[in-house]
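Q: Show me the folded form of this:
(one chain, ligands or ions: 1)
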Amino acid sequence: MDRIAITGGARLNGSIPISGAKNSAIKLMAASLLTDEPLRLTNMPRLADTRFLGKLLTRLGVSVTESDGPDGQQTILHAPEITSGFAPYDLVRQMRASFNVLGPLVARSGQAKVSLPGGCTIGARPVDLHLQALEALGAKIDLHEGYVYAQAPRGLKGAEITFPFVSVGATEHAMLAAVLADGTTVIHNAACEPELVDLQECLNAMGAKVQGAGTPTVTITGVPRLKGASHAVIPDRIEMGTYAVAAAMAGGEVRLTNARPGLIDALLEKLKEAGAGVEETADGCIIRRNGERLNAVDIETAPFPGFATDLQAQFMALMTTANGESRIRETIFENRFMHAPELMRLGADISVSGGEARVRGVAQLEGAEVMATDLRASVSLVIAGLVARGETTVSRIYHLDRGFERLEEKLGACGAQVRRIVGDGEPEL
Ligand code: EPU
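A: Numbers count the residues shown, from 1 in each chain. Next up is the predicted model:
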């Protein structure tokens with residue numbers, strides 16, 4: 001298996017273009033199941049997760065063609081007909097968001113059999129709200145032997161859906177199913193993440209009638225059929241935030257481009273509070289730090305527009321060398337501190353109790369061998385490695401490859417000493 005080696009100490013200077021958002025791209029790809037015409041997605045990131053989903057969609061009858069189009073990386077997805085409504089465990093297990101094919105399959109062809117995704121290292125991550133939404137839309141749901149069987153032979157029906165708490169995936173799933181339902185659906189307590197707005201824009205370009213995404217109430221007026229469309233994937237706010245933290249950690253001056261203002265305000269506020277220089281630009285931001293040690297600040301994760309849970313590990317890495325003690329509260333997932341013991345291998349001083357971590361800043365981290373446990377945890381180790389004395393080697397980087405496009409190249413272009421060590425093909429224990 002491949003590893004990433006980082007030699008700490010280099011400051012970062014340069015510019016990093018932000019890719020299209022993984023967490024939007026994979027929901028937009030699922031939308032291709034809703035129409036017999038081609039859906040062209042531009043600003044597409046090339047990631048392990050988009051490849052996994054492409055593989056599953058191909059089995060369901062979608063042709064998936066990746067190419068370099070007139071406006072950069074594009075994927076054209078075309079499902080003239082659904083040839084199978086079956087999503088097997090093997091594929092759903094590899095990428096849990098594959099579960100979101102269930103709604104579009106039932107909406108278009110009246111039935112589907114999709115594996116339950118199972119747990120994940122950051123938490124149990126049940127799908128009860130997804131199923132609640134589909135049942136509200138009139139699907140008959142049965143669970144057998146790890147699979148969800150959903151049927152709506154006469155089509156889905158518009159409904160009022162009230163989520164007991166905010167779920168990004170369940171809100172997206174309800175939208176993907178309701179666009180072809182008969183009548184109007186209103187989703188209350190919807191997630192407000194920017195990826196929902198992106199999904200709304202893409203669905204509307206396909207002829208759907210969705211409004212309110214980005215607010216807690218989303219209204220969908222069902223239409224009998226959708227058509228093809230072309231849509232540019234929103235910039236990846238988590239990638240943007242990750243490189244913002246990397247720049248604040250390593251020092252120097254980094255310009256993040258190809259993004260949008262307003263996507264990571266909660267993080268930028270915290271970076272300013274910690275003492276980093278932050279300048280917002282028309283297509284991203286500039287992050288500066290000139291040698292001064294940062295101050296410890298507290299964070300608490302929350303749904304958008306709060307501090308994103310997907311940036312918590314990176315921020316914890318930043319706080320390991322800040323001046324003072326920082327309290328980090330994780331409120332979205334119950335087990336999202338797996339990076340803490342790995343950061344401690346680099347010399348960080350962290351104690352975790354329940355949903356709270358206390359990070360006491362140390363003057364210097366030391367390079368060591370560490371192991372990635374999930375996508376965002378793995379990049380937090382790379383960030384820590386940027387300032388650790390000597391060499392840090394991160395193993396199990398298949399997690400990293402799920403969500404960060406050309407990471408070594410992007411950081412390397414700014415002067416970071418980061419290289420991939422290609423493995424011998426042996427699986428890692
Ligand atoms: N939840 C339930 N039941 C459900 C759905 C969710 O109990 O039916 C719980 C979850 O277990 C969690 C909370 O609700 O405790 C919020 O989960 P949510 O559904 O909002 O998360 P998700 O849709 O599974 C997406 C991103 C995550 C990101 C979260 C929160 C994708 C593919 N994943 O997950 O991204 O952390 O929203 O913003 O969009 C990542 O990219 O590394 C990642 C984990």
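Q: show me the contacts for the nearest residue to residue 116 once chain neighbours are set aside.
A: In this structure, residue 116 finds its nearest non-sequential neighbour in residue 146, 5.4 Å apart by Cβ to Cβ, 6 or more residues apart in numbering. Where you see a C-beta, it was placed from the backbone N, CA and C, and this is true even at glycine. Shown here is residue 146, whose contacts under the criterion Cβ atoms under 8 Å, 6 or more residues apart in numbering are 89, 115, 116, 118.
Q: Pick out whichever of these sits closest to the ligand.
A: Comparing the contacts of residue 146 against the ligand with Cβ to the nearest ligand atom places residue 116 closest, at 11.0 Å.
Q: Tally up the residues packed near the closest one, please.
A: Neighbour count for residue 116, taken as other Cβ atoms under 10 Å: 18.
Q: thought it was touching residue 147?
A: Yes: contact status for residue 116 versus residue 147: in contact at 6.8 Å, counting by Cβ atoms under 8 Å.
Q: Enumerate the residues of the stretch 251-400 of the chain near the ligand.
A: 309, 310, 332, 333, 375, 376 (Cβ under 6 Å from any ligand atom).
Q: Could you point out which residue ranges in this structure have low pLDDT?
A: Where the chain drops to pLDDT under 70, the residues are 119, 424-429.
Q: so what's the residue of it found nearest the ligand up against?
A: Among all residues of the chain, residue 169 sits closest to the ligand, at 2.6 Å; criterion: Cβ to the nearest ligand atom. By Cβ under 8 Å, 6+ apart, the contact list for residue 169 reads 97, 99, 100, 127, 130.
Q: Try it again at 7 Å.
A: 97, 100, 130 (Cβ atoms under 7 Å, 6 or more residues apart in numbering).
Q: Then residue 137?
A: 156, 157, 159, 177, 178, 181, 185.
Q: Would you format these as JSON lines with distance to residue 22, neighbour count and secondary structure included?
A: JSON lines is the format used below for the contacts of residue 137 (distance: Cβ to Cβ, whole Å; neighbours: other Cβ atoms under 10 Å; DSSP: H, G, I helix; E, B strand; the rest coil):
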{"residue": "156", "distance to residue 22": "28", "neighbour count": "25", "secondary structure": "coil"}
{"residue": "157", "distance to residue 22": "32", "neighbour count": "17", "secondary structure": "strand"}
{"residue": "159", "distance to residue 22": "30", "neighbour count": "19", "secondary structure": "coil"}
{"residue": "177", "distance to residue 22": "22", "neighbour count": "32", "secondary structure": "helix"}
{"residue": "178", "distance to residue 22": "24", "neighbour count": "32", "secondary structure": "helix"}
{"residue": "181", "distance to residue 22": "28", "neighbour count": "23", "secondary structure": "coil"}
{"residue": "185", "distance to residue 22": "27", "neighbour count": "25", "secondary structure": "strand"}
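Q: Kindly reformat the residues you listed as a markdown table containing distance to the ligand.
A: Output for those, formatted as a markdown table (distance: Cβ to the nearest ligand atom, whole Å):
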| residue | distance to the ligand |
| --- | --- |
| 156 | 18 |
| 157 | 21 |
| 159 | 17 |
| 177 | 14 |
| 178 | 16 |
| 181 | 19 |
| 185 | 17 |
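Q: Please name the nearest non-neighbouring residue to residue 105.
A: Residue 105 sits nearest to residue 112 (Cβ to Cβ, 6+ apart), 3.7 Å away.
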